[in-house]
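Q: Have a look at this fold, sequence not included:
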């Protein structure tokens with residue numbers, strides 16, 4: 001499998017075509033960004049940790065009957081994936097109120113949300129990822145109502161599986177964002193990544209942050225220790241000996 005031209009050079013990942021037109025290579029870089037990319041740093045092994053954690057999570061979700069674009073890791077920071085036409089929606093699932101939710105709405109920080117909130121944002125840095133409703137999604141031609149219903153249903157299934165996955169590792173899944181794409185037949189499939197970059201994770205005992213929020217708060221020297229702790233908790237000893245991170 002050979003890497004060909006760059007399709008998308010994102011803020012933290014690069015996506016390339018391959019010699020197989022149905023597959024892409026996703027390279028996870030060591031870049032760390034915040035504020036629509038206004039703040040940027042490079043953190044050693046960050047790309048590898050996110051790629052390995054994402055691959056572990058995608059394999060777990062596949063075992064729960066949730067289709068993902070993941071195929072295999074070619075290198076510690078390089079993923080082979082099914083090629084998808086990505087839908088420009090960030091689907092956000094919130095189990096506990098914090099962050100922008102408590103800044104924008106009269107809800108107390110730390111409130112458990114039952115049922116969880118499913119939020120959709122337009123993925124576009126130029127417009128600062130504004131929140132969408134179903135009417136706006138359809139007006140923009142992003143997705144049909146049937147597809148919106150599928151996104152909501154899949155988000156709920158992913159949330160149920162991820163809460164169990166992280167709970168087994170002594171981690172609370174506070175909230176997360178996921179992205180989906182369409183395959184050649186129009187099926188909606190989970191893509192992108194699921195990692196400490198895209199999840200809010202708290203230690204179950206101490207409630208300490210274990211995710212990108214540390215970087216947003218300027219605690220740069222704690223970020224990679226937190227990511228490595230997530231890696232150590234969710235991977236088996238055999239996995240860790242294979243990746244050597």
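A: Structure received. It should be emphasised that the depicted structure is a prediction, and the values quoted were computed from it without experimental measurement.
Q: buried set for stretch 94-113?
A: Buried residues in stretch 94-113, defined by neighbour count with 16 or more other C-beta atoms under 10 Å: 94-99, 101. C-beta coordinates here come from the backbone N, C-alpha and C atoms, glycine included.
Q: now that stretch, how far from the chain's geometric center?
A: Computed by C-alpha atoms, centre = their mean, to the nearest Å, the chain-centroid distance of stretch 94-113 equals 20 Å.
Q: what sits up against that stretch?
A: 116-119, 159, 163, 172-175, 200, 213 (C-beta atoms under 8 Å, 6 or more residues apart in numbering).
Q: Could you dump those into TSV with pLDDT added?
A: Output for these, formatted as TSV (pLDDT from 0 to 100):
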residue	pLDDT
116	98
117	98
118	98
119	98
159	98
163	98
172	98
173	98
174	98
175	98
200	98
213	97
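Q: Of these, grab the buried ones for ChimeraX.
A: Applying 16+ other C-beta under 10 Å to the contacts of stretch 94-113, the buried members can be selected in ChimeraX as follows:
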select :116,119,159,163,172,173,174,175,200,213
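Q: can you put the contacts of stretch 94-113 in TSV and add secondary structure and distance to residue 151?
A: Putting the contacts of stretch 94-113 into TSV (DSSP: H, G, I helix; E, B strand; the rest coil; distance: C-beta to C-beta, whole Å) gives the following:
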residue	secondary structure	distance to residue 151
116	strand	14
117	strand	14
118	strand	8
119	strand	11
159	helix	12
163	helix	18
172	strand	24
173	strand	19
174	strand	21
175	strand	16
200	strand	20
213	helix	25
